[in-house]
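Visitor: Got a predicted structure plus its sequence, pasted below:
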Amino acid sequence: MKRALLLIPALLTGLAAAPSGAVSQDLAVARTFAPPGSLDDGHLAIASALTRLDAQGEIASDDPLPGQRYPWRIPRSSADRPDERSGRLLHFVYLVPAGAPDDQFDEKGILEDSARSMNAWMRQQTPKQWRLDTFTFEWDDPETIEEDPISINAVDFTFIRSTKSDDQLDSVSEVEAELIALGFNQSNKRYLSYVAANAGGVCGDAWWTLSPQAGAFDGKYSDVYLYSSSGCRARDFAPNATQPFFTETIAMQEMIHNDGAVPMSAPHNCLVSLLAYGHVCTGPLNVTPNLDPESTDVMFPYVGLPLNQKFLDQDRLDYYGHPFPTRDLEQGLYLENA
Ligand SMILES: [Ca+2]
Ligand SMILES: [Ca+2]
Ligand SMILES: [Ca+2]
Ligand SMILES: [Ca+2]
């Protein structure tokens, strides 16, 4: 299968007519956008106030971090840890470009809550859940004098401090190339990356397919851009493991794109613009997106609402459990019965 990027000149104002003849390849990029009127400069804050150094200049690894979600700091890994389950697994990456802040979202448990809360939502919306790549570590409570370690199960996030710049890691093709170069391309894995980059009004992107044909599809790589325009609200993370928020609206949409949703033939497929293909909508998006009845669907092209106020193909007509002989997320490769 050929991989190709649809060449789209204007990302932010791109809700215009599709260039004729542009749709020639099977694979395309689908993006999630900041709502109109919400864009800002969104420049990266270079300083990371949260990396604390001890007297020797080494990172103090045991002290609690500001904003840490759990009594334990989740250990950091630059590798995909040994899998606890066989079969296909959704693997998560925290990718920090050169010069970008390391906010320690992995160690603080913020990304753990992000991943878990998306699955909580998935179980509310469907009988399914994502097959998460997890690992288990031992933690000894320092508050108790005795050695009394307990086992903690956590989502297997890989931390990558890249040598590439923000501009070299702000699209799915670039992030994919970086991950493949580092060996993250196992046949039984799909990779969702939380990238500390600024992609402007693009909040996230993912590979999907223009082909409507039924059967499995795996776009394999999808991204959330944590420092994109403030309208994305890409760092408004789930406050806990059960209530997904704005970050998760982006991440969930991108993962679903990787399953080939929304099919081009879906009744509510967003045909107003080439940029909006693969999403659901009904009206002229660039005028009044909030009035669109599809704006509460996770596959609406703009973020707009936190995931806990969004729905997954509620009428079961477009991309999940639908009656048509086209691709269906219900057969998603990385989903299992909850
Ligand atoms: Ca693993
Ligand atoms: Ca203890
Ligand atoms: Ca780039
Ligand atoms: Ca629908």
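Guide: Cool, got the structure. Numbers count the residues shown, from 1 in each chain. Ligands and ions are numbered 1, 2, ... in the order given.
Visitor: of all the residues in the stretch 101-250 of the chain, which ones are close to ligand 2?
Guide: Within reach of ligand 2 by C-beta under 5 Å from the ion, the stretch 101-250 of the chain has these residues: Asp140, Asp141, Thr144, Asp148. All C-beta atoms are positioned from the backbone trio N, CA, C, and that covers glycine.
Visitor: residues of stretch 239-257 that come out buried?
Guide: 241, 244-257 (16 or more other C-beta atoms under 10 Å).
Visitor: Stretch 195-210: end-to-end distance?
Guide: Stretch 195-210 has an end-to-end distance of 25 Å (criterion: C-alpha to C-alpha, to the nearest Å).
Visitor: ok now it, how far from the chain's centre?
Guide: Averaging C-alpha positions (C-alpha atoms, centre = their mean, to the nearest Å) puts stretch 195-210 9 Å from its chain's average.
Visitor: same check, this time on stretch 77-86
Guide: Counting by C-alpha atoms, centre = their mean, stretch 77-86 comes out at 19 Å from the chain centroid.
Visitor: Okay, and which of the residues of the stretch 101-250 of the chain next to ligand 2 map to strands?
Guide: Using DSSP state E, no member of these falls within strands.
Visitor: of all those, which two lie farthest apart?
Guide: Greatest spatial distance in these: Asp140 and Thr144, 8.0 Å, computed using C-beta to C-beta.
Visitor: Just give the closest residue to Asp236, not the sequence neighbours.
Guide: Phe246 (3.8 Å; C-beta to C-beta, 6 or more residues apart in numbering).
Visitor: Could you pull up phi and psi at that neighbour?
Guide: phi -70, psi -40 (degrees, to the nearest 10).
Visitor: give the contact list for it.
Guide: Cys232, Arg233, Ala234, Asp236, Phe237, Val303, Pro306, Leu307 (C-beta atoms under 8 Å, 6 or more residues apart in numbering).
Visitor: Going by contacts, tell me the helices and strands next to the lengthiest helix in the chain.
Guide: Criterion DSSP state H: the longest helix present in the chain is helix 110-125. If contacts are counted by 3 or more C-beta pairs under 8 Å, 6 or more residues apart in numbering; DSSP states H and E, helix 110-125 sits against strand 89-96, strand 128-130, strand 150-155, strand 157-161, helix 246-257.
Visitor: which residue sits closest to Leu89, ignoring its sequence neighbours?
Guide: Asp133 (4.1 Å).
Visitor: re the thing from before, going by distance to ligand 1, which of the buried residues of stretch 239-257 wins?
Guide: Met255 (17.0 Å; C-beta to the ion).
Visitor: My guess is the closest one contacts Leu90. True?
Guide: Yes - counting by C-beta atoms under 8 Å, Met255 does reach Leu90; the two are 7.3 Å apart.
Visitor: what touches both of these two?
Guide: What both Met255 and Leu90 touch, as defined by C-beta under 8 Å, 6+ apart, is the set Trp130, Arg190, Leu192, Tyr334.
Visitor: what about the second one, which SS state?
Guide: In the three-state summary, Arg190 is assigned as strand, counting by DSSP: H, G, I helix; E, B strand; the rest coil.
Visitor: need the contact list for it.
Guide: 88-91, 218-222, 255, 258, 333-334.
Visitor: any idea how far the nearest residue to Gly215 once chain neighbours are set aside lies from ligand 3?
Guide: Spatially, and ignoring its direct neighbours in sequence, Gly215 is nearest to Arg327 (7.1 Å; C-beta to C-beta, 6+ apart). Separation of Arg327 from ligand 3 (C-beta to the ion, to the nearest Å): 29 Å.
Visitor: Check Ala261 too.
Guide: For Ala261, the distance to ligand 3 - C-beta to the ion - is 25 Å.
Visitor: That residue against Gln331, yeah?
Guide: No - Ala261 lies out of contact with Gln331 (C-beta under 8 Å); the separation is 10.9 Å.
Visitor: Settle it for me: which of those two has more neighbours?
Guide: Counted by other C-beta atoms under 10 Å, Ala261 and Gln331 do not tie: Ala261 has more neighbours, with 30 against 15.
Visitor: Just the element for the residue nearest to that one when sequence neighbours are not counted, please.
Guide: Nearest residue to Ala261 in three dimensions, chain neighbours excluded: Tyr319, at 3.9 Å (C-beta to C-beta, 6+ apart). Under DSSP states H and E, no helix or strand contains Tyr319.
Visitor: For the residue nearest the centre of the chain, which non-adjacent residue is closest in space?
Guide: The centroid of the chain falls nearest to Ala251 when counting by C-alpha atoms, centre = their mean (2.6 Å). Spatial nearest neighbour of Ala251, chain neighbours left out: Val224 (5.0 Å); criterion: C-beta to C-beta, 6+ apart.
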